[in-house]
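# curious how this folds, go ahead:
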Amino acid sequence: MNIESFYKDVCINNYFLGKISQIYRDNCVLQVENLSVLSCRNILNESLIPNTINCLVIIDSVQGIFLGEVFQSKILSNEKNHSSLYKGIDETIYPEISIDLIGVFNQSTSRFKLPEFMNVGMLDKVYFANKNILHLYLDSIEVNNNSDETPLIFGDFLNYENEQVKLRPSTLFDHHLLVVGTTNSGKSTSSLSILNQLDIQNKKMLIIDPSGEYEDAFQDQNGRIKKVKLGINAAISPSKITMRQWAILFQTNENTQGAVLSDAIKSLQYQKKNHLDGCYIKENKMIISVKNNMSTLTNADMDFDISLLPKQIEEESVAESKDKKGTYIHDIFRSNANNYLFDKVSFALSRTKLKDFFTINENNKDLITIFDTFLNEEHSSLYIDTSNLGTSDEVGGMIIDLLCNHLLSAQSVKPFVLFIDEVHRYTHLFGSNENFFNGLINLAREGRKKGIFLFLTTQNPQDVSPILLGQIGTLLIHRLTHFEEIKAIQNHVDEYSLKSIKKLNQGEAILASINLLSDIYIRINKCNRIQHNQTPKL
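Numbering: from 1, shown residues only. Predicted coordinates:
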């Protein structure tokens with residue numbers, strides 16, 4: 001295909017701008033024929049505005065037809081140009097336009113593709129792009145074009161009038177998607193619009209909602225979407241929690257508290273296994289007898305009554321008797337040392353919601369069982385409301401860590417999108433600004449192999465683990481204002497996009513992805529689903 005085929009029914013010379021005069025590794029410079037060529041005009045009801053930046057051009061070169069975007073226009077500052085500008089003599093002024101190369105079109109392709117190491121040549125002719133080229137560019141915007149997928153339509157292009165954003169699910173989620181933006185920037189609305197499109201296409205989804213704002217957005221249709229609320233009709237069996245996770249939950253120190261907590265849990269597991277009421281009393285028991293009892297526990301004996309844990313920690317305050325060798329007696333020193341752990345566990349359990357999260361009964365179904373059922377169903381979706389956890393409950397991070405590790409251990413998984421809203425609540429280990437739960441990080445690394453694609457949101461990308469952020473291939477960026485927040489994502493966007501983040505209005509976003517030819521600017525279309533995210537008026 002030659003360049004004239006893009007300009008049917010019109011004279012291509014009307015779109016001519018000039019020739020390439022400078023070539024660099026990542027861009028090139030166009031010497032415009034004269035200033036009058038940059039005048040705005042209409043051709044066949046098509047408006048041409050070549051005197052600004054961000055407009056598209058094409059370059060007729062030996063290696064193909066290159067697509068470029070103008071990022072700088074300038075008139076050299078000298079006495080002659082100044083005089084010509086003052087007198088309005090445009091024909092003697094020769095502006096220079098800097099162009100980023102976006103893609104290339106040649107005989108072996110039917111769409112624009114990444115230019116890779118190809119580049120334009122000196123004196124190649126440059127033309128202003130018309131609508132035919134724009135449409136081909138929009139059809140080529142996805143690097144990996146899988147025609148078998150139905151595109152998601154969730155917004156309009158900001159810089160191209162009346163053009164919808166149509167992207168295939170694999171483009172958004174193949175390398176995981178992260179939505180970032182300050183409060184009231186449109187982050188939640190954008191997320192719901194994308195989830196809405198996934199639901200319309202019957203895509204499998206797991207939605208974890210920490211605030212309950214999507215509670216009424218997803219109604220159960222023909223049993224496809226199951227909704228549970230943690231602590232109300234779903235709970236986690238204590239048998240599913242590892243010792244490391246219990247230590248994180250109760251914030252044990254690095255000294256003896258972790259070992260005492262582990263011993264107390266094992267004692268209660270023994271009681272549960274043998275259907276014995278109350279705590280396991282070690283005082284006045286033979287040490288060898290206690291060890292023999294504990295040795296009977298297997299991996300199947302992990303359940304226990306969490307409400308007895310503070311009392312059992314007191315029962316662990318024993319030591320070998322000096323008078324009766326081989327027998328446990330109460331030890332005041334250990335009792336004093338265990339008091340701090342007793343207080344921490346008692347305080348945590350005094351918050352009645354925490355007990356509800358780990359109590360399985362006829363009202364509270366086992367979340368892991370619900371989870372496993374979801375994993376093996378073809379097109380079902382699962383919505384988990386975790387709003388009862390609160391904003392500072394460390395149990396939230398532990399539960400996300402548990403679910404992520406459970407996913408990684410699953411033998412077979414039907415491909416699905418895992419949506420976690422406000423993911424920054426669930427990433428940091430409690431009391432640490434630098435250490436993070438490993439479950440979500442490992443899932444980001446290994447999940448794609450199993451067909452698990454992450455869809456995360458956060459107000460501040462700094463709160464997300466740098467390792468997790470490094471696994472994200474697609475970012476939907478709403479307005480950010482702080483320099484450090486913007487700096488955290490600077491490797492994901494080009495320089496112009498980085499400078500534009502502060503200028504975005506509510507509902508506007510920049511979509512940057514390794515699956516796109518270039519960053520795109522979007523106005524998100526709000527869907528009709530109910531969302532509880534209105535900001536009260538003062």
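
# what's around the residue lying closest to residue 97 once chain neighbours are set aside, how many residues?
Nearest non-adjacent residue to residue 97, counting by Cβ to Cβ, 6 or more residues apart in numbering: residue 30, 4.3 Å away. The way it works is simple: take the backbone N, C-alpha and C, and place the C-beta from them, glycine included. Neighbour count for residue 30, taken as other Cβ atoms under 10 Å: 25.

# cool, the one 5 residues further on as well?
Using other Cβ under 10 Å, residue 35 is surrounded by 20 other residues.

# just residue 403 next, same as before
24.

# the one 4 residues further on now?
Other residues lying near residue 407 total 22 when counted by other Cβ under 10 Å.

# got it, and residue 306?
Residue 306 has 20 nearby residues by other Cβ under 10 Å.

# what packs against the worst-scoring helix or strand of the chain on mean pLDDT?
Using mean pLDDT, DSSP states H and E, the weakest-scoring helix or strand in the chain turns out to be helix 352-357, at a mean of 73. Secondary structure elements in contact with helix 352-357, counted by 3 or more Cβ pairs under 8 Å, 6 or more residues apart in numbering; DSSP states H and E, are helix 395-409.

# how far off centre is the least confident helix or strand of the chain?
Put simply, helix 352-357 sits 29 Å off its chain's centre (Cα atoms, centre = their mean, to the nearest Å).

# next: stretch 305-316.
39 Å.

# buried by neighbour count: which residues of it qualify?
Under the neighbour-count criterion of 16 or more other Cβ atoms under 10 Å, stretch 305-316 has 305, 306, 308, 309, 310, 312, 313, 314, 315, 316 buried.

# give me the pLDDT value at residue 110.
With respect to pLDDT, residue 110 scores 83.

# and the helix ranked longest in the chain, C-alpha only, in PDB?
Using DSSP state H, we find that the single longest helix of the chain is helix 332-350. Output of helix 332-350 as PDB, limited to C-alpha atoms (Å, rounded to 0.1, in the frame of the first residue of the first chain):
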ATOM      1  CA  ILE A 332       5.900 -16.400  87.600                       C
ATOM      2  CA  PHE A 333       8.800 -15.100  85.400                       C
ATOM      3  CA  ARG A 334       7.200 -16.600  82.300                       C
ATOM      4  CA  SER A 335       3.800 -15.500  83.400                       C
ATOM      5  CA  ASN A 336       5.000 -11.900  83.600                       C
ATOM      6  CA  ALA A 337       6.700 -12.200  80.200                       C
ATOM      7  CA  ASN A 338       3.600 -13.600  78.600                       C
ATOM      8  CA  ASN A 339       1.300 -10.900  80.000                       C
ATOM      9  CA  TYR A 340       2.100  -8.500  77.100                       C
ATOM     10  CA  LEU A 341       1.100 -11.200  74.600                       C
ATOM     11  CA  PHE A 342      -2.000 -12.000  76.600                       C
ATOM     12  CA  ASP A 343      -3.000  -8.300  76.600                       C
ATOM     13  CA  LYS A 344      -2.500  -8.000  72.800                       C
ATOM     14  CA  VAL A 345      -4.500 -11.100  72.000                       C
ATOM     15  CA  SER A 346      -7.200 -10.200  74.400                       C
ATOM     16  CA  PHE A 347      -7.500  -6.700  73.000                       C
ATOM     17  CA  ALA A 348      -7.700  -8.100  69.400                       C
ATOM     18  CA  LEU A 349     -10.400 -10.600  70.300                       C
ATOM     19  CA  SER A 350     -12.300  -8.000  72.300                       C
END
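
# average pLDDT across it?
For helix 332-350, the per-residue pLDDT averages 90.

# mind listing what's buried in that helix?
Buried-residue list, helix 332-350, by 16+ other Cβ under 10 Å: 335, 338, 341, 342, 344, 345, 348, 349.

# contact partners for the nearest residue to the last one once chain neighbours are set aside?
The spatially closest residue to residue 349, leaving aside those adjacent along the chain, is residue 355, at 6.0 Å (Cβ to Cβ, 6+ apart). Counting by Cβ atoms under 8 Å, 6 or more residues apart in numbering, residue 355 touches 306, 307, 349.

# cool, and residue 90?
34, 35, 36, 39, 84.

# and the last one, how many residues sit next to it?
Read it as residue 84. 19.

# could you tell me whether it really is in a helix?
Yes. Counting by DSSP: H, G, I helix; E, B strand; the rest coil, residue 84 is part of a helix.

# any idea how far residue 468 is from it?
Residue 84 is 56 Å from residue 468, where distance means Cβ to Cβ, to the nearest Å.

# same deal with the fourth one?
Counting by Cβ to Cβ, the separation of residue 39 from residue 468 is 50 Å.

# and these two? Which one has more around it.
Neighbours per residue, other Cβ under 10 Å: of residue 39 and residue 468, the larger number sits with residue 468, 22 against 11.

# could you list the low-pLDDT ranges of this protein?
1, 146-147, 220-223, 351-352, 390-394, 428-436 (pLDDT under 70).

# could you pull out the helices in the stretch 1-150 of the chain for me?
All helices of the stretch 1-150 of the chain, identified by DSSP state H, counting those that start in this stretch, fall at 79-87, 131-140.

# surely residue 232 touches residue 386?
No. Look at residue 232 against residue 386 with Cβ atoms under 8 Å: they stay out of range, at 10.6 Å.

# more crowded one of these two?
Shown here are residue 232 and residue 386; by other Cβ under 10 Å, residue 386 has more neighbours (26 against 14).

# and the residue lying closest to residue 400 once chain neighbours are set aside, how many neighbours?
Using Cβ to Cβ, 6+ apart and skipping the chain neighbours, the partner closest in space to residue 400 is residue 426 (4.1 Å). By the criterion of other Cβ under 10 Å, residue 426 has 26 neighbours.

# how close does residue 426 get to residue 465?
Residue 426 is 11 Å from residue 465, by Cβ to Cβ.

# wait, is residue 457 part of a strand?
Yes. Counting by three-state DSSP, residue 457 is located in a strand.

# just grab the bridge partners of it for me.
residue 179 (DSSP bridges).

# residues contacting it?
By Cβ under 8 Å, 6+ apart, the neighbours of residue 457 are 178, 179, 180, 187, 188, 191, 420, 421, 422, 423.

# for stretch 162-181, measure first residue to last.
25 Å (Cα to Cα, to the nearest Å).

# cool, stretch 471-478 as well?
Terminal-residue distance, stretch 471-478 (Cα to Cα): 20 Å.

# so what's the gap between it and the chain middle?
6 Å.

# list the buried residues of that stretch.
471, 472, 473, 474, 475, 476, 477, 478.

# what's the neighbour count on the closest residue to the fourth one other than its chain neighbours?
The shortest distance from residue 474 to any residue that is not its chain neighbour, by Cβ to Cβ, 6+ apart, is 3.9 Å, and that residue is residue 513. Other residues lying near residue 513 total 25 when counted by other Cβ under 10 Å.
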